[in-house]
Structures are given as C-alpha cells and as structure tokens.
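Chemist: Sharing a model that was predicted from the sequence below.
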Amino acid sequence: MAEDAIKPPPIRVAVAGIEPAPIALTPARRDWERLANLPPFQMWAAERLRSEHPGGRDSAEHARDVVRRLGAGDDVYAEYAEWHAAKGYWPDETPMGEAKR
C-alpha cells in the first residue's frame, strides 16, 4: 500500500494569449530629418511651397525649411500622409518610406 500513496506530480496547463499593446503616455516623435531626405516628402514640400524654393539648394534643404516654416506637428505630417496616399506612386510604402507588410 505504500506504493499507492505516492502520487505523481500534478500536470499544470497554462493558457497564453495575445499580449495587449503597452499604453504609450507620450506621443510618437517623428524623425523629421529622415523624412526630409525621402524623395516623396521632398516632392510634397516642393508642391506645398513651390514659390519659395530658391535655386541653388537641394530638395532636402528645401524640405527641412518647409518643416521649420510649417512646424513639425501632427497636422503637417497628416497633410503629407494624405498627399502620399492620394498620389498613389508608392503603394507598397508607408509615408515614412518603410515597406508595408
């Protein structure tokens, strides 16, 4: 009867689910320098402030000036993102130049 008294260890089953996304308390910051070096953003900047693109500067410098003039806010990025989608030239890229999955 001594052998009957020994019990095997219990079987434990754990359930794993999808982890919730962490809550971000600060808004994501845009990398405006990277954005100013992207050809689509340079094209948007040239169309946005066409009359203020003086000769002798490259498109990246003009794009940086547009960001300085309009501000580096969510509204400027939203306007660019809307323009990017409406153009349709880059269907497989995000406005930040990353490949869509």
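Modeler: Perfect, I can see it now.
Chemist: my read is residue 56 is in a strand, agree?
Modeler: No - using DSSP: H, G, I helix; E, B strand; the rest coil, the assignment for residue 56 is coil, not a strand.
Chemist: and the gap between it and residue 23?
Modeler: 47 Å (Cβ to Cβ, to the nearest Å). C-beta here means a position set from N, CA and C on the backbone, and glycine is covered the same way.
Chemist: before we move on, what about residue 78?
Modeler: 22 Å.
Chemist: Scan the chain for its longest helix.
Modeler: Identified as the longest helix of the chain according to DSSP state H is helix 74-87.
Chemist: can you list contacts of that one?
Modeler: Applying Cβ atoms under 8 Å, 6 or more residues apart in numbering, the external contacts of helix 74-87 come out as 27, 30, 35, 40, 41, 44, 47, 48, 67, 70, 90, 95.
Chemist: what comes up buried for stretch 23-40?
Modeler: Within stretch 23-40, the residues scored as buried using 16 or more other Cβ atoms under 10 Å are 30, 32, 35, 36, 38, 40.
Chemist: Check those for the minimum pLDDT and say which it is.
Modeler: pLDDT across the buried residues of stretch 23-40 is lowest for residue 30, at 85.
Chemist: how much space between the residue nearest to residue 70 when sequence neighbours are not counted and residue 91?
Modeler: Nearest residue to residue 70 in three dimensions, chain neighbours excluded: residue 76, at 4.9 Å (Cβ to Cβ, 6 or more residues apart in numbering). Per Cβ to Cβ, residue 76 is found 23 Å from residue 91.
Chemist: Just the buried residues of stretch 23-40: which are in helices?
Modeler: Per DSSP H, those map to helices at 32, 35, 36, 40.
Chemist: residues in contact with residue 42?
Modeler: 36, 59, 60, 62, 63.
Chemist: quick one, phi/psi of it?
Modeler: Residue 42 adopts backbone torsions of phi -60, psi -40, taken as degrees, to the nearest 10.
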